[in-house]
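Engineer: Based on what follows, work out the 3D shape:
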Amino acid sequence: MADQLTPDNLLALPEEELNSKFEDAVKQVREGPANPNTSMSDKLKVYGLFKQATIGDNETTAPWAVQLEAKSKWDAWTANKGKSQKQAKAEYIANIKK
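Structural biologist: Numbers count the residues shown, from 1 in each chain. Below is the predicted model:
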């Protein structure tokens, strides 16, 4: 069953099913209990995938380096540049459901 949650297997799903699983994963993050064992790098990775999945490539201007949180989020999103929104959704789901 766990092999069904790989990005490659998720990409093979019909778009409606992928979107439904993505919405379920987003809901789990927003409404579920926070996992105290989640590292900041994992949180930023998921944030970047979410932004890529919902908006696409980051075309915004980078915040100043002294704006640490904003710059970290910008970097996490920009790390996914060129990735399709469908691929980002699949990776987001796989990361949330692992």
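
Engineer: quick one, what contacts the residue most central in space within the chain?
Structural biologist: For the chain, residue 49 is the residue whose C-alpha lies nearest the centre (Cα atoms, centre = their mean; 2.6 Å). Shown in contact with residue 49 (Cβ atoms under 8 Å, 6 or more residues apart in numbering): 80, 88, 89, 91, 92, 95. Placement of C-beta: from N, CA and C, glycine included.

Engineer: try residue 40
Structural biologist: Contacts for residue 40 (Cβ under 8 Å, 6+ apart) come out as none.

Engineer: ok, it to residue 69 distance?
Structural biologist: 10 Å (Cβ to Cβ, to the nearest Å).

Engineer: again with residue 57
Structural biologist: 21 Å.

Engineer: who's more crowded, those two?
Structural biologist: Per other Cβ atoms under 10 Å, whichever of residue 57 and residue 69 has more neighbours is residue 57, with 14 against 9.

Engineer: Tell me the spacing between whatever residue is furthest in space from the centre of the chain and residue 72.
Structural biologist: Outermost residue of the chain with respect to the C-alpha centroid, by Cα atoms, centre = their mean, is residue 66; its distance is 24.5 Å. The gap separating residue 66 from residue 72 is 12 Å, by Cβ to Cβ.

Engineer: What of residue 7?
Structural biologist: Counting by Cβ to Cβ, the gap from residue 7 to residue 72 is 23 Å.
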